[in-house]
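A.B. asks: show me the folded form of this:
(one chain, ligands or ions: 2)
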Amino acid sequence: MRTQVVIIGGGPSGLLLGQLLLRQGIDAVVLERRTRDYVLGRIRAGVLEVGFVNLMQEAQVGARMLSEGIPHDGIRISYDDELFRIDFARLTGTPVVVYGQTEVTRDLYDARDAAGGKTVFRAENVQIHGANTDAPHVTYSEDGQIRRLDCDYVIGCDGFHGVSRRTIPQNIRRDHEKAYPFGWLGVLSQTPPVSEELIYANSERGFALCSMRNPNLSRYYVQCPLSDQPGDWSDDRFWDELRRRIPPAAAETLITGPSIEKSIAPLRSFVSEPMRWGRLFLCGDAGHIVPPTGAKGLNTAASDVHYLYQGLLSHYLDGDSAGLDNYSADALLRIWKVERFSWCMTNLLHRFPEQSGFDLRIQRAELEFLHENEAAQMVLAQNYVGLPY
Ligand code: FAD
Ligand code: DHB
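C.D. replies: Residues are numbered from 1 along each chain as shown. Ligands and ions are numbered 1, 2, ... in the order given. The predicted structure is shown next:
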């Protein structure tokens, strides 16, 4: 078989790029290792930047997101007995939209079905051949049969553990990594959110986050040791710990219920450079990871999609390959700024095992400065609502 673009990975970045290309008449096949239900069962990000929202609309898959997504004009930050608000509307004029990654992915799969885009699920042993030649191809097995797809370009949207990044030779790649000494335990529950806006809490017992998906679906996180397993945390233990980390007024009104999902994610910062090798391009988590503090993972995948889409469009429609040639440099310029922001937010809000008394006082001074200083709030707000593409 032959197609113009092979997209490896049917997560949000692969599907969004596929949909944008399909609408322009550019043929793209998506190869996904898992089943659709498995992909839709993963509970991940929940906050969308305006750039993401615009891309969904450009791909003509924004209708449900616009009607069911909840615009948020600010977030709350708490530390010790203090609570303050970062007012995105006043500081930037731009809201973020709360709409879960699961729903984004569902909308993209539905649109792909409707447009007749080809998706291969359970594609096993995907391998990229000749990425650094003018005639790349991809092999995979489907129901035990080995298949071959010839193409112009291969896009690696296959996440951190995918095959695409590993296809780029070690002597070409520079990987930069920082692992954090804790994880996030996340719980989804069919209960009304404790607050109308997200609360990011720095407490002496560790970080906590109160988020949501809709008026009857809450998403909460607590910082936990990396050695913990979800099974170590009964629902009661989780709710008790959350209550002890969030502002007392929120703790008193928190409505609890059975968890419908509970998982632990390690925190990591990671960037692999360059994001292009010949005709192979990395996009989203395949090329970089941020710790989730600041809600940037999914949004940064979308900014890659933007640069790649523009590059492919200019190439196929105008024969101009400058966008593709500059993709890695353009995408990385923005990615490193987002890495910086996510690292800053992680340092500001978590308790680190090796933190000295001095480190703690510096962290508190930083929170106090942010609390009282509008310029500092502006910097946070601009980064949170999303840097321009
Ligand atoms: P992915 O969503 O990882 O999609 C990659 C796809 O490729 C997957 O469907 C996978 O099955 C498929 N694949 C992998 N290998 C292969 C292969 N060899 N062949 C074919 N297909 C393959 N971000 C936030 O902003 N907030 C959060 O709260 C948050 N929580 C997270 C929790 C976890 C556990 C993880 C892992 C990530 C979280 N993120 C969060 C980050 C965010 O979800 C990601 O940035 C986003 O999913 C990136 O999208 P993607 O399409 O690039 O990669
Ligand atoms: C969510 C996750 C985040 O990492 C974040 O910063 C905000 C919200 C969420 O899952 O809702």
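
A.B. asks: report the separation between whichever residue of the stretch 51-200 of the chain sits closest to ligand 1 and A251.
C.D. replies: The stretch 51-200 of the chain approaches ligand 1 most closely through G159 (2.7 Å), counting by C-beta to the nearest ligand atom. Bear in mind the C-beta positions are built from the backbone N, C-alpha and C, glycine included. Separation of G159 from A251 (C-beta to C-beta, to the nearest Å) stands at 36 Å.

A.B. asks: between those two, which is the more surrounded one?
C.D. replies: Taking other C-beta atoms under 10 Å, G159 and A251 do not tie; G159 has more neighbours (19 against 15).

A.B. asks: surely the more buried one and G9 touch.
C.D. replies: Yes - counting by C-beta atoms under 8 Å, G159 sits close enough to G9 to count as a contact (6.1 Å).

A.B. asks: so which bits of the stretch 1-150 of the chain are right by ligand 2?
C.D. replies: The interface of the stretch 1-150 of the chain toward ligand 2, taken as C-beta under 6 Å from any ligand atom, is made up of A45, G46, V47.

A.B. asks: do that again at 5 Å, thanks
C.D. replies: Near ligand 2, the residues belonging to the stretch 1-150 of the chain are G46, V47 when assessed by C-beta under 5 Å from any ligand atom.

A.B. asks: low pLDDT regions in the stretch 1-150 of the chain?
C.D. replies: For the stretch 1-150 of the chain, applying pLDDT under 70 flags no range at all.

A.B. asks: what do you get if the cut-off is 90, keeping everything else the same?
C.D. replies: By pLDDT under 90, the low-scoring segments of the stretch 1-150 of the chain are 81.

A.B. asks: let me see the contact set for the residue of it found nearest ligand 2.
C.D. replies: The minimum distance from the stretch 1-150 of the chain to ligand 2, using C-beta to the nearest ligand atom, falls at G46 (2.6 Å). Contact criterion C-beta atoms under 8 Å, 6 or more residues apart in numbering gives V98, Y99, G100, Q101, S211, M212, R213, R219, A295 as the residues in contact with G46.

A.B. asks: would a markdown table of those with distance to ligand 1, secondary structure and neighbour count be doable?
C.D. replies: Output for the contacts of G46, formatted as a markdown table (distance: C-beta to the nearest ligand atom, whole Å; DSSP: H, G, I helix; E, B strand; the rest coil; neighbours: other C-beta atoms under 10 Å):
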| residue | distance to ligand 1 | secondary structure | neighbour count |
| --- | --- | --- | --- |
| V98 | 11 | strand | 22 |
| Y99 | 12 | coil | 26 |
| G100 | 10 | coil | 25 |
| Q101 | 6 | helix | 21 |
| S211 | 8 | strand | 25 |
| M212 | 12 | strand | 25 |
| R213 | 11 | strand | 22 |
| R219 | 8 | strand | 22 |
| A295 | 4 | coil | 24 |
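
A.B. asks: check which residues of the one helix or strand R237 maps to are buried.
C.D. replies: Remark: R237 resides in helix 235-245, with elements defined by DSSP states H and E. Of the residues in helix 235-245, those with enough neighbours to count as buried (16 or more other C-beta atoms under 10 Å) are F238, W239, E241, L242, R243, R245.

A.B. asks: per-residue pLDDT, the residue nearest to A301 when sequence neighbours are not counted?
C.D. replies: By the measure of C-beta to C-beta, 6 or more residues apart in numbering, the closest residue to A301 outside its immediate chain neighbours is G284, 3.3 Å from it. The pLDDT attached to G284 in the predicted structure is 98.

A.B. asks: contact partners for G284?
C.D. replies: Shown in contact with G284 (C-beta under 8 Å, 6+ apart): G9, G11, P12, S13, G14, C157, G159, T300, A301, D304, V305.

A.B. asks: same thing with R42?
C.D. replies: In this structure, R42 makes contact with Q101, T102, judged by C-beta under 8 Å, 6+ apart.

A.B. asks: would you mind listing what in this structure touches ligand 1?
C.D. replies: Proximity of the chain to ligand 1 (C-beta under 5 Å from any ligand atom) is limited to residues 9, 11-13, 33-34, 39, 44-45, 126, 158-159, 162-163, 265, 284-285, 292, 295, 297-298, 301.

A.B. asks: sort out for me which of the residues you listed are in helices.
C.D. replies: Secondary structure of these is defined by DSSP state H; positions in helices are P12, S13, V39, G297, L298, A301.

A.B. asks: now do the helices in the stretch 201-350 of the chain.
C.D. replies: Listed in chain order, the helices of the stretch 201-350 of the chain (DSSP state H, counting those that start in this stretch) span 235-245, 248-253, 297-313, 322-349.

A.B. asks: off-centre distance for the first one?
C.D. replies: In other words, helix 235-245. Going by C-alpha atoms, centre = their mean, to the nearest Å, the spacing between the C-alpha centre of helix 235-245 and its chain's C-alpha centre is 26 Å.
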